[in-house]
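K.L.:
No sequence on hand, only this structure:
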């Protein structure tokens, strides 16, 4: 199934979902599967609300690629007009247990290259964009 995810940036930090499983510790951009009869745009708005409790709007399509690892198309949208207080939502709350942890974390963008952000393609694109100081493309949100 294809995936849509939303990039939320505030004060030079990016909101990431921290995942911890036995032997694995990594981060992902909040988002999820695009459901049947759903556009990527609708999916990202739904997923951001479900996973983070934040209301948002799409600013622009930041990056997309075909994932060889997951055999799916992934779209990453830059989000704007963010409102609400971030907190883990469903179904992640129900899925949490000792061996499957979810946490929302604000990570400094300058530290993204040292963060185990998956997939590597989005990590590289975020690093490349900020390293090149291409910040006029990036929407900073006030929450």
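P.N.:
Yep, that arrived. The structure displayed is predicted, hence computed values, not measured ones. Numbers count the residues shown, from 1 in each chain.

K.L.:
neighbours of the nearest residue to residue 113 once chain neighbours are set aside, just the number please.
P.N.:
Spatial nearest neighbour of residue 113, chain neighbours left out: residue 127 (5.1 Å); criterion: C-beta to C-beta, 6 or more residues apart in numbering. For every residue, glycine as well, the C-beta is placed using N, CA and C. For residue 127, the count of nearby residues is 17 (other C-beta atoms under 10 Å).

K.L.:
Would you agree residue 127 falls within a strand?
P.N.:
No - counting by DSSP: H, G, I helix; E, B strand; the rest coil, one finds residue 127 to be helix, located in no strand.

K.L.:
my read: it touches residue 111, true?
P.N.:
No - Residue 127 lies out of contact with residue 111 (C-beta atoms under 8 Å); the separation is 10.2 Å.

K.L.:
what pLDDT does the nearest residue to residue 99 once chain neighbours are set aside get?
P.N.:
Distances taken as C-beta to C-beta, 6+ apart place residue 22 nearest to residue 99, at 5.4 Å, with adjacent residues excluded. Per-residue pLDDT puts residue 22 at 95.

K.L.:
who are the neighbours in contact with residue 63?
P.N.:
75, 76, 121, 122, 125 (C-beta atoms under 8 Å, 6 or more residues apart in numbering).

K.L.:
separation between it and residue 92?
P.N.:
As for residue 63, its distance to residue 92 is 23 Å (criterion: C-beta to C-beta, to the nearest Å).

K.L.:
Over to residue 75?
P.N.:
20 Å.

K.L.:
ranges for the helices of this protein?
P.N.:
Using DSSP state H, the helices found in the chain span residues 40-52, 92-95, 120-131.

K.L.:
Quickly compare the ones you listed and say which is most buried.
P.N.:
helix 40-52 (a mean of 21; mean count of other C-beta atoms under 10 Å).

K.L.:
Can you give the distance from that helix to the centre of its chain?
P.N.:
Remark: helix 40-52 is offset 10 Å from the chain centroid, using C-alpha atoms, centre = their mean, to the nearest Å.
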